[in-house]
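> just the structure for this:
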Amino acid sequence: MARLRPARTVRDISSQPWARYSQKKPKKNYIRALPHTSLLVFNMGVDKENYDLKVTLNTTYPIQLRSNALEAARQIINKYLEIKIPGGYYFKVLVYPHNVIREHKMATGAGADRISQGMSHAFGKPIGLAARLIRGQPVFMIKTTKQNMPIIREAFDRARSKLSGQYKVVIAS
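Residues are numbered from 1 along each chain as shown. Presented below is the predicted three-dimensional model:
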């Protein structure tokens, strides 16, 4: 598969969402072939009744996150928590990537003006999926006990390195 453009090219919400796809009538869609999402697992850990702490990672401004970035952050959080507190947490991904990202591929180099159609048909082909988030929307949620709070903070700090944008940790007991 071809390399995708950097996240900075699609993280700003500048245009309308583009997510119309139907299983029943695929030929009547704006999107003929829906790209697969990298994010497949949403619930991890053990959901117990005795958890007294609920911690979320919230966005600080509107942003669009690609599914592969969400999957990388999910994996790094889950692996860290599984090592530090196995069976002592419940972790949930709260967003789903619906929005289709399009790319208009251009030929570059000598003689490219004769090969490429330029911007005349510049709508673009679907290359991936992204989740559109508003300001303050939670991305991840972890339930655990209060003694595990430093471990949860470290897990969210590790996840921030995989996501573009700025986030804050919100604690609810």
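> check the offset of the longest helix seen in the chain from the chain's centre.
Determined from DSSP state H, the single longest helix within the chain is helix 67-84. Relative to its chain's centre, helix 67-84 lies at 12 Å (C-alpha atoms, centre = their mean, to the nearest Å).
> mind giving me the packing neighbours of the helix or strand just after it?
Later in the chain than helix 67-84, the nearest helix or strand by DSSP states H and E is strand 90-93. Packing contacts for strand 90-93, counted by 3 or more C-beta pairs under 8 Å, 6 or more residues apart in numbering; DSSP states H and E, involve strand 43-45, helix 67-84, strand 138-144. From N, CA and C alone the C-beta is placed, and that goes for glycine too.
> just say which of these is most tucked in.
Ranked by average neighbour count under the criterion mean count of other C-beta atoms under 10 Å, the helices and strands packed on strand 90-93 are headed by strand 138-144 at a mean of 21.
> just checking, next helix/strand downstream of that strand?
Per DSSP H and E, the first helix or strand lying C-terminal to strand 138-144 is helix 149-160.
> and that following helix, what does it pack against?
Short answer (3+ C-beta pairs under 8 Å, 6+ apart): helix 149-160 packs on strand 53-59, helix 67-84, strand 138-144, strand 167-172.
> out of the ones you listed, the one nearest Tyr90 is which?
Closest to Tyr90 of those is strand 138-144 (C-beta to C-beta; 4.3 Å).
> and that closest one, how far out from the chain middle?
Distance, stretch centre to chain centre, for strand 138-144: 15 Å (C-alpha atoms, centre = their mean).
> note down every partner strand of it and its orientation.
strand 53-59 (antiparallel), strand 90-93 (antiparallel) (DSSP bridges).
> now do the longest helix of the chain against strand 53-59, angle only.
150 degrees (axes from the mean of the first three to the mean of the last three C-alpha atoms, to 10 degrees).
> phi, psi of the closest residue in space to Val46 that isn't next to it in sequence?
Nearest residue to Val46, sequence neighbours excluded (C-beta to C-beta, 6 or more residues apart in numbering): Gly87, at 5.3 Å. When quoted as degrees, to the nearest 10, the phi and psi of Gly87 stand at phi 80, psi 0.
> is Ser164 in a helix, a strand, or coil?
Counting by DSSP: H, G, I helix; E, B strand; the rest coil, the backbone at Ser164 sits in coil.
> so after the worst-scoring helix or strand of the chain on mean pLDDT, what's the next helix or strand?
Within the chain, confidence by mean pLDDT, DSSP states H and E is lowest for helix 112-115 among all helices and strands, at a mean of 60. Per DSSP H and E, the first helix or strand lying C-terminal to helix 112-115 is strand 125-133.
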